[in-house]
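Enquirer: Turn this into a structure:
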Amino acid sequence: MAETTSDAQERPQYLPRRRRTAILSVPLLTAAAVTCFVATLVVSTQHVHHQSAACRYIAVPWTHFALSYGALAAAVLAVTVHIVLLRSARRRGSGPTAPWHGSLSTMCVVVASLMIALSATVTVMTHTDAAETAANLGKPMCEG
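Expert: Coordinates of the predicted model:
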């Protein structure tokens with residue numbers, strides 16, 4: 001049976017699987033950036049407490065670097081995916097009313113943009129702390 005144009009217009013337009021995955025990746029990458037950022041702060045605080053308890057400099061753990069770079073990479077990827085989706089939508093002719101371009105996506109990009117600045121700062125601070133610790137490794141920190 002031949003399909004008429006009205007049947008084709010009534011059928012809901014489903015997004016291709018690849019596009020759905022890309023749409024979901026923006027909030028997921030933003031959540032990953034926030035999670036890694038918070039975990040970086042926790043690891044940093046634990047490292048400071050370990051050094052204080054031992055009263056000597058202790059090397060910065062590799063997880064501190066992995067988490068700080070992970071937060072930065074996830075935030076940059078979230079913003080990049082959002083920009084690519086926006087440009088792709090404009091090429092196809094759909095405007096800001098496209099299903100993926102809602103308030104959730106916009107909020108995620110704002111948070112991811114903030115996370116880029118914060119995680120870049122934390123990454124630089126991690127390297128600064130690691131350089132100071134490497135210069136004084138094993139030396140006593142406490143007076144007395």
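
Enquirer: what about the nearest residue to residue 105 once chain neighbours are set aside, how many neighbours?
Expert: Leaving aside its chain neighbours, residue 105 sits nearest to residue 26 (5.5 Å; criterion: C-beta to C-beta, 6 or more residues apart in numbering). C-beta coordinates here come from the backbone N, C-alpha and C atoms, glycine included. When counting by other C-beta atoms under 10 Å, one arrives at 24 neighbours for residue 26.

Enquirer: so what's residue 79 up against?
Expert: 109, 112-113, 116 (C-beta atoms under 8 Å, 6 or more residues apart in numbering).

Enquirer: so of those, which ones are in strands?
Expert: Among the contacts of residue 79, no member is found in strands (DSSP state E).

Enquirer: circling back: so what does the host helix or strand of the residue nearest to residue 105 touch, helix or strand wise?
Expert: Secondary structure assignment for residue 26, by DSSP states H and E: helix 17-54. Contact partners of helix 17-54 among helices and strands, from 3 or more C-beta pairs under 8 Å, 6 or more residues apart in numbering; DSSP states H and E: helix 62-92, helix 103-135.

Enquirer: Could you dump these into a markdown table and include distance to residue 37 and mean pLDDT?
Expert: Below are the helices and strands packed on helix 17-54 laid out as a markdown table (distance: least, C-beta to C-beta, whole Å; pLDDT from 0 to 100):
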| stretch | distance to residue 37 | mean pLDDT |
| --- | --- | --- |
| helix 62-92 | 4 | 90 |
| helix 103-135 | 5 | 93 |
